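# Coordinates only, no sequence provided:
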Ligand code: E4P
C-alpha cells in the first residue's frame, strides 16, 4: 500500500520524506489556504521535493476552466496529478485530460457509483472521503470495501483507490486489510502510527540499565 501525505505543509513533507515514508502528496484548496501565502511557491516546492505523484486541485467548476487550470497545474512537474471534483464537468475534464496523457484524481467521492463512473472516465485515482462519511453516521470503510469489490470484478479498470479523509490510525489498518492502493494521511495520523507506549517505556528502561552498567564501568562505550 502506498502512503501519501495529505498536506501542503513543507516542513511536514520534508520530515516524513526524509524517513522514506512518502510515495506521494495530496493537496486541496482548503489545505493550501491553511498554509497561507502564495500557493504557487508551495506547489513548486512540493513537486520538487517529492518524486511520486502530487495531486493539485483545480478550482474551476466548469469544463473549459478545469482544462485550462489542469494544464497549468501540470506545468509544475511531470509528477502532477490533476485533481477534479466528482461532477459532470469534472468527469468530462477527467476524460479529456486522461486522453491527453495527464493523470487525474477524481475527488469528493462518497458512493460506489461515483467511483465506478470516475474509473470509466479514465481516472488514475478515485478519492473516497471516509472520515466525512463517518462524521454523518455512515460507515466510510464500507465504501472502500464496495469499491474494491467492484474494481476487482473488472480487471480492465486500472484506477487506484486512494483512501482520503482519514482521521486515525485504525482507518489505515482497515484500508490496508481491504487492499486499498493508497492512503493519504494528515501528518498527525502518520505521527500517531509511529508511536506505541511500550516502545517508549522499553527505550527508557534500556537507557536506565545502560547507565547502571556505566556506573560500574565508566570507560565503556558502544
Ligand atoms: C484528500 O485528497 C482530501 O482532500 C482530504 O483527505 C480531505 O480530508 P478532510 O475530510 O479531513 O478534509
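Great, that's in hand. Everything numeric here is computed off the predicted structure, so don't read it as measured data.
# C-alpha from now on. contacts and neighbour counts both.
Noted.
# beta partners for the spatially most central residue of the chain?
For the chain, residue 184 is the residue whose C-alpha lies nearest the centre (Cα atoms, centre = their mean; 2.3 Å). Residue 184 forms beta bridges with residue 4, as assigned by DSSP bridges.
# For it, give me its contacts.
3-6, 25-26, 162-166 (Cα atoms under 8 Å, 6 or more residues apart in numbering).
# which of those residues tops the neighbour count?
residue 163 (30 neighbours; other Cα atoms under 10 Å).
# For residue 153, see how far away that one is.
Residue 163 is 19 Å from residue 153, where distance means Cα to Cα, to the nearest Å.
# Then residue 72?
Taken as Cα to Cα, the span from residue 72 to residue 153 is 36 Å.
# out of those two, which sits in the more crowded spot?
The neighbour comparison of residue 72 against residue 153 (other Cα under 10 Å) goes to residue 72, with 12 against 9.
# How much space separates that one from residue 79?
Residue 72 is 13 Å from residue 79, by Cα to Cα.
# Same question for residue 4.
13 Å.
# Same question for residue 93.
Per Cα to Cα, residue 93 is found 18 Å from residue 79.
# How about the contacts made by the residue in the chain that the ligand sits nearest to?
Closest residue of the chain to the ligand, Cα to the nearest ligand atom: residue 165 (3.4 Å). Residues in contact with residue 165 (Cα under 8 Å, 6+ apart) are 128-132, 184-185.
# neighbour-wise, which of these leads?
residue 128 (28 neighbours).
# more neighbours, residue 93 and residue 79?
residue 93 (26 against 19).
# Report the rounded mean pLDDT for the helix or strand where that one lies.
Assigned by DSSP states H and E, residue 93 belongs to helix 88-99. For helix 88-99, mean pLDDT rounds to 98.
# I'd like the next helix or strand past that helix.
strand 104-109.
# Packing partners of that next one?
strand 80-85, helix 88-99, strand 125-128 (3 or more Cα pairs under 8 Å, 6 or more residues apart in numbering; DSSP states H and E).
# That one pairs with which strands, and in what direction?
Strand 104-109 is paired, per DSSP bridges, with strand 80-85 (parallel), strand 125-128 (parallel).
# Out of those, flag the one nearest residue 99.
Among those, the nearest to residue 99 by Cα to Cα is strand 80-85 (13.0 Å).
# That closest one close to the ligand?
No - figure legend: strand 80-85 not in contact with the ligand (Cα under 6 Å from any ligand atom); closest approach 8.3 Å.
# Show me the helices in the chain, by range?
All helices of the chain, identified by DSSP state H, fall at 10-18, 29-35, 39-49, 63-74, 88-99, 112-120, 130-135, 140-153, 169-178, 187-194, 197-216.
# Could you dump those helices into JSON lines and include distance to residue 106?
Converted to JSON lines, these look like this (distance: least, Cα to Cα, whole Å):
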{"stretch": "helix 10-18", "distance to residue 106": "23"}
{"stretch": "helix 29-35", "distance to residue 106": "14"}
{"stretch": "helix 39-49", "distance to residue 106": "19"}
{"stretch": "helix 63-74", "distance to residue 106": "12"}
{"stretch": "helix 88-99", "distance to residue 106": "8"}
{"stretch": "helix 112-120", "distance to residue 106": "6"}
{"stretch": "helix 130-135", "distance to residue 106": "15"}
{"stretch": "helix 140-153", "distance to residue 106": "14"}
{"stretch": "helix 169-178", "distance to residue 106": "19"}
{"stretch": "helix 187-194", "distance to residue 106": "22"}
{"stretch": "helix 197-216", "distance to residue 106": "38"}
